[in-house]
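Student: Build me a model from this:
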Amino acid sequence: MNNSTELDMTNSLEKKEITINSSVENLAYVEKEIESIFDEYGITFDLFGNVLIAVTEAVNNAIQYGNRNDVTKQVLVIFNTSNGNLKVAISDQGSGFDYESLPDPTDPENLEKLEGRGIFLMKSLSDKLSFHNSGSKVEMSFNY
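Tutor: As a prediction, the model looks like this:
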């Protein structure tokens, strides 16, 4: 587990990166880092639950689906804060996925299916959600 912090005060942007091995046990570490980011950056705790659920869901997806639980592969989480906005990018070392063809979990015919629920949660809890690198990188934005 690597933990590096980089602060660039010249443009009022604060950045923190963490890298974890692809093991679900490391989700607890990510949760603690989210708590410390809220403390360090003075982000209102009204947003804490949304960020915690959305980010841990994305990291869990990166571990399980992106890196296929391969502990030799890593997940990179980058937090940026600037002007009342928290951006979180989660990248895995997998080949990505077709994020545009996921079933709608709210459609009655998909209520029993698990596919798409995590993405639906991330989209619902964040102010903006986007995918890059064929889906191996997800970015979320939260306004505070």
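Student: Look up the closest residue to the most centrally placed residue in the chain, ignoring the ones flanking it.
Tutor: Centroid-nearest residue in the chain, with CA atoms, centre = their mean: residue 55, separated by 3.4 Å. Leaving aside its sequence neighbours, residue 55 sits nearest to residue 88 (CB to CB, 6 or more residues apart in numbering; 5.5 Å). In this view, the C-beta of every residue, glycine as well, is placed from N, C-alpha and C.
Student: Just the element for the one you found, please.
Tutor: strand 85-91 (DSSP states H and E).
Student: what does that strand contact?
Tutor: 37, 41, 43, 47, 51, 54-55, 58-59, 62, 75-81, 133, 136-144 (CB atoms under 8 Å, 6 or more residues apart in numbering).
Student: cool, and stretch 122-133?
Tutor: With CB under 8 Å, 6+ apart, stretch 122-133 has contacts from 50-51, 53-54, 57-58, 91, 96, 99, 119, 137-143.
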